[in-house]
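Asker: the amino acid sequence is not available; the structure is as follows:
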């Protein structure tokens, strides 16, 4: 799975002011990411506001990204949820041939035990015809996938090839890196600790800010993978303030504000999310202006 090394981006779903999907803006975002040096694209992750999309809208997003990408970069598809049988059914019925892997979030809201998480991904592994990236994001799921559970899955199922680790806990990431199978990828799901994870032995990142600053962020990760530490941290410190800003009032409201400042897409989000306030809009616009110089 060399295609999972480097920077992937969890694409947003851009909306027009009437909240309909802006497919032209989505194409621009795909092209901006590809041209900026990103290694792969993730469709329908959390940042896509997946929970507010109808099934028809999800299919429109998939079709738009696949066509805009036109085979240039590897694609990963988000297929996850807190109803195991529904996820299994989608894996059995969807055409997954355009994708190198699926990204599947640990069950949210139900708050399963570690054994429940293991059994959930066991069922997904047995149903999936392509490799699986498991996704740990306890800030959203209220349930932390402990390293022992991840390592058990990695050792028991050959098609579970990676984890997107978004606990924001570098020690937990290091526990995974210390004990993982040699061919298992630990991918950061946290933009601020992505470089530290890479320097500790991680394979890269699935990023939010990377789609707004693809050139700068993907170069930072490549520098980290090549052990050019001083240069890599110089790149991180360049983006440091904006990484904080884009999550300050929720994701993807912040990154959508970056796209508005860049003139690529509107900053519209769907309820229950709301756009960032005027103060943050101004700070993001000023940051984008400085980077563009």
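Answerer: Noted; the coordinates are in hand. Since we're looking at a predicted model, the values are computed, not measured.
Asker: show residues contacting stretch 215-234.
Answerer: By Cβ atoms under 8 Å, 6 or more residues apart in numbering, the residues outside stretch 215-234 that reach it are 5-7, 36-39, 191, 194-195, 198-199, 204-205, 207, 209-210, 235-236, 238-239, 291. Every C-beta, even on glycine, is put in place using the N, C-alpha and C of the backbone.
Asker: which of those count as buried?
Answerer: Buried subset of the contacts of stretch 215-234 (neighbour count, 16 or more other Cβ atoms under 10 Å): 5-7, 36-39, 191, 194-195, 198, 204-205, 207, 209-210, 235-236, 239, 291.
Asker: among those, which are located in strands?
Answerer: Judged by DSSP state E, strands contain the following of the buried ones among the contacts of stretch 215-234: 6, 7, 204, 205, 207.
Asker: in CSV: these, plus pLDDT and distance to residue 77.
Answerer: Shown next, in CSV, are those (pLDDT from 0 to 100; distance: Cβ to Cβ, whole Å):
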residue, pLDDT, distance to residue 77
6, 98, 18
7, 98, 18
204, 98, 18
205, 98, 18
207, 98, 17
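Asker: rebuild the residues you listed as CSV, extending it with distance to residue 52.
Answerer: Converted to CSV, these look like this (distance: Cβ to Cβ, whole Å):
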residue, distance to residue 52
6, 30
7, 26
204, 28
205, 25
207, 22
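Asker: for the chain, which spans come out with low pLDDT?
Answerer: For the chain, the stretches with pLDDT under 70 are 293.
Asker: give me the neighbour count for the residue lying closest to residue 168 once chain neighbours are set aside.
Answerer: Leaving out its chain neighbours, the residue that sits closest to residue 168 by Cβ to Cβ, 6 or more residues apart in numbering is residue 190, at 4.7 Å. Counted with other Cβ atoms under 10 Å, the neighbours of residue 190 add up to 24.
Asker: didn't residue 190 look like it was pressed against residue 139?
Answerer: No - if you go by Cβ atoms under 8 Å, residue 190 and residue 139 don't touch, sitting 9.5 Å apart.
Asker: between those two, what contacts are shared?
Answerer: Joint contacts of residue 190 and residue 139 (Cβ under 8 Å, 6+ apart) are 166, 167, 168.
Asker: is it true that the last one touches residue 196?
Answerer: No - with contact defined as Cβ under 8 Å, residue 168 does not count as touching residue 196 (10.9 Å).
Asker: and the next helix or strand past the helix or strand harbouring residue 67?
Answerer: According to DSSP states H and E, residue 67 maps onto helix 55-69. Reading on from helix 55-69 to the C-terminus, the next helix or strand found by DSSP H and E is strand 75-78.
Asker: what helices or strands is that next one leaning on?
Answerer: Packing partners of strand 75-78 (3 or more Cβ pairs under 8 Å, 6 or more residues apart in numbering; DSSP states H and E): strand 40-43, helix 55-69, strand 101-105.
Asker: mind putting these into TSV with mean neighbour count and distance to residue 215?
Answerer: Below are those laid out as TSV (neighbours: other Cβ atoms under 10 Å; distance: least, Cβ to Cβ, whole Å):
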stretch	mean neighbour count	distance to residue 215
strand 40-43	25	16
helix 55-69	16	18
strand 101-105	26	24
